[in-house]
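[1] dropping the sequence and predicted coords here.
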Amino acid sequence: MSVRRRSSRIHHLLPRHPRAFLGSSGDAGEACSFSLFSKPVEEEKDESSKTEDQIIFLLKKAKTIILMNDLATVMDAQGAYDNAYNHAKKALELARQIEHPEQHVVLGNLAGILMHKESFTEAQRVYEEALRQAQKKGDSVAVQRIKEGLAELAQRRSS
């Protein structure tokens, strides 16, 4: 995941100003107006630490999503469709939890796995959801790949 493509949830946790952590409210990391004399220093450090912990937690989840999605892709390529499906499904659940900006990629991979499992109706639904999200994000590469997946699905259905 590139630094500039963080999910909106992660982005809100990052400081907008180098000292924004000091004025953090502690609720979802939202910065509030800050004054050098508004809170005791110990309290500010505790809140800063909480916000940093939230960022670390979300970034670890984002990495886990990427790794699980990659593992699902490898398992799919090896023909272990049930295991691939389980990993892709879990990656999608985590991606939705943290509002990961690349959910459409995970959805596209899940749809491909469903197609390989010959769950054509479900694959169609997931591909369509992935396409909507990719178009909304303006990810032309993903849109093209998803359209290729839909074409392959149509071909497999007609065989």
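    Nice, thanks for sending it over. Small disclaimer: the values here were computed from a predicted structure and weren't measured.
[2] after the longest helix along the chain, which helix or strand is next?
    Criterion DSSP state H: the longest helix present in the chain is helix 41-77. Downstream of helix 41-77, the first helix or strand assigned by DSSP states H and E is helix 81-97.
[3] show me what that following helix is packed against.
    The contact analysis (3 or more CB pairs under 8 Å, 6 or more residues apart in numbering; DSSP states H and E) places helix 81-97 against helix 41-77, helix 103-116. In short, each C-beta sits where N, CA and C put it, glycine included.
[4] helices or strands next to the last one in the packing?
    In terms of contact count using 3+ CB pairs under 8 Å, 6+ apart, helix 103-116 is assigned the packing partners helix 41-77, helix 81-97, helix 120-137, helix 140-158.
[5] quick one: contacts of it?
    65, 69, 72-73, 76, 81, 84-85, 88-89, 91-92, 95-96, 100, 120, 122-124, 126-127, 129-131, 133-134, 137, 139, 142, 145-146, 149, 152-153, 156 (CB atoms under 8 Å, 6 or more residues apart in numbering).
[6] quick one: buried ones out of the residues you listed?
    Buried members of these, counted by 16 or more other CB atoms under 10 Å: 65, 69, 72-73, 76, 81, 84-85, 88, 91-92, 95, 100, 123-124, 126-127, 129-131, 133-134, 137, 139, 142, 145-146, 149, 153.
[7] now the closest residue in space to N83 that isn't next to it in sequence: how far from K137?
    The shortest distance from N83 to any non-neighbouring residue, by CB to CB, 6 or more residues apart in numbering, is to M75 (4.8 Å). Separation of M75 from K137 (CB to CB, to the nearest Å): 26 Å.
[8] now the helices and strands packed on helix 103-116 as CSV including mean pLDDT?
    CSV is the format used below for the helices and strands packed on helix 103-116 (pLDDT from 0 to 100):
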stretch, mean pLDDT
helix 41-77, 80
helix 81-97, 96
helix 120-137, 98
helix 140-158, 96
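[9] excluding its backbone neighbours, what's nearest K61?
    That would be I98: by CB to CB, 6+ apart, it lies 5.2 Å from K61.
[10] part of a helix, is P101?
    No: with DSSP: H, G, I helix; E, B strand; the rest coil as the criterion, P101 is located in coil rather than a helix.
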